[in-house]
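**Student:** The sequence and its predicted three-dimensional model are supplied below.
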Amino acid sequence: MSAVEEKTPRSYSGALLATIAVALLAGVGGLIWSYTLSSRLSGQEAALADAKDQNKKLASDLRETDARLKVATEELGQSLGLTQKQMDARAQEILRREQADSKRLETAQKQTEQAVSGLSTDVSGVKTDLTKTQSDLATTIDQLTSVKGDLDGHSTLIARNHDELELLKHKGDRTYYEFTITKGQSKPVGTVSLQLTKADPKKNLFSMTVVSDDKPVPKNNKGINEPLQFYSGKDPQLFEIVVNTINSKNQVSGYLSTPKSAPAPPTVP
């Protein structure tokens, strides 16, 4: 046998040994990894078992705490039950009072609103009536007769009766004194005196004497609603007399008109 032939079997034996060695190493490694994994798994199982025990203990503690809390709650409820009822009753009473006060306030507010509304309506009505009255007054005053007086043809508004005289009074630019005088007497009217000397009901004519500033001023044969004009006072101002009615041969009625700035008659004590 040659040298080459002797070496070939030895090479095969070396390769086989190497393969076996690798397999052994792999087996040992597998065993070691299996052991390690088994150890870790055992540790996890132990930890899991410990966690389960802890959970069981916590659950037991929780049940015990719940039981104690329930008992404490029941005892607290029993000890405060009456007080709570009283508080509930008091709260209901306060609530009823607040509701009653609220209703009273609401009613009072409604009544106030109604009163204010009614007052506003009344005021509006009064304003409307006043405006209408002023309008009617202005219209009526415009309709009053303007007549020329017996002094220099001076025209003036006259009142032909008591109602028209009231309108002239409301006009407010002069002062008016009504009178009824009888023949044979001197009648003080305003700051002058009037004396009736004649009256003719059939012809509606009359005669009188006006005493002003101690001076007689005769007014003869004058007709009704005719302004009899004269000046009177230290600073002479225009006075007017209008006779509206000849009641009889001995009596006439009418009014005296004076400026607002004219002296007022003396007050009788």
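**Tutor:** That came through fine.
**Student:** Does Ala264 belong to a helix, a strand or coil?
**Tutor:** When classified by DSSP: H, G, I helix; E, B strand; the rest coil, Ala264 comes out as coil.
**Student:** Next one, pLDDT for it please.
**Tutor:** According to the model's per-residue confidence, Ala264 sits at a pLDDT of 84.
**Student:** how close does it get to Asn250?
**Tutor:** 30 Å (CB to CB, to the nearest Å). For glycine as for every other residue, the C-beta is placed from the backbone atoms N, C-alpha and C.
**Student:** of those two, who's got more company?
**Tutor:** For Ala264 against Asn250, the residue with the higher neighbour count under other CB atoms under 10 Å is Asn250, and the figures read 14 against 9.
**Student:** Touching, the more buried one and Lys183? I think so.
**Tutor:** Yes. Counting by CB atoms under 8 Å, Asn250 touches Lys183, with 4.2 Å between them.
**Student:** Can you list the residue ranges for helices in the stretch 51-200 of the chain?
**Tutor:** With helices called from DSSP state H, counting those that start in this stretch, the stretch 51-200 of the chain shows them at 162-171.
**Student:** so where is it shaky, pLDDT-wise?
**Tutor:** Using pLDDT under 70 as the threshold, the predicted model of the stretch 51-200 of the chain has low-confidence ranges 51, 55, 59-88, 90-91, 118-130, 132-145, 152-153.
**Student:** the strands in it, which residues?
**Tutor:** Secondary structure of the stretch 51-200 of the chain (DSSP state E, counting those that start in this stretch): strands at 145-148, 155-158, 174-182, 186-189, 192-200.
**Student:** domain parsing for the protein?
**Tutor:** By the record's domain assignment, the chain is partitioned as 1-143, 146-259 (automatic domain parsing).
**Student:** Please identify which of the strands of the stretch 51-200 of the chain is closest to Glu93.
**Tutor:** With CB to CB, the closest approach to Glu93 among these belongs to strand 174-182: 71.1 Å.
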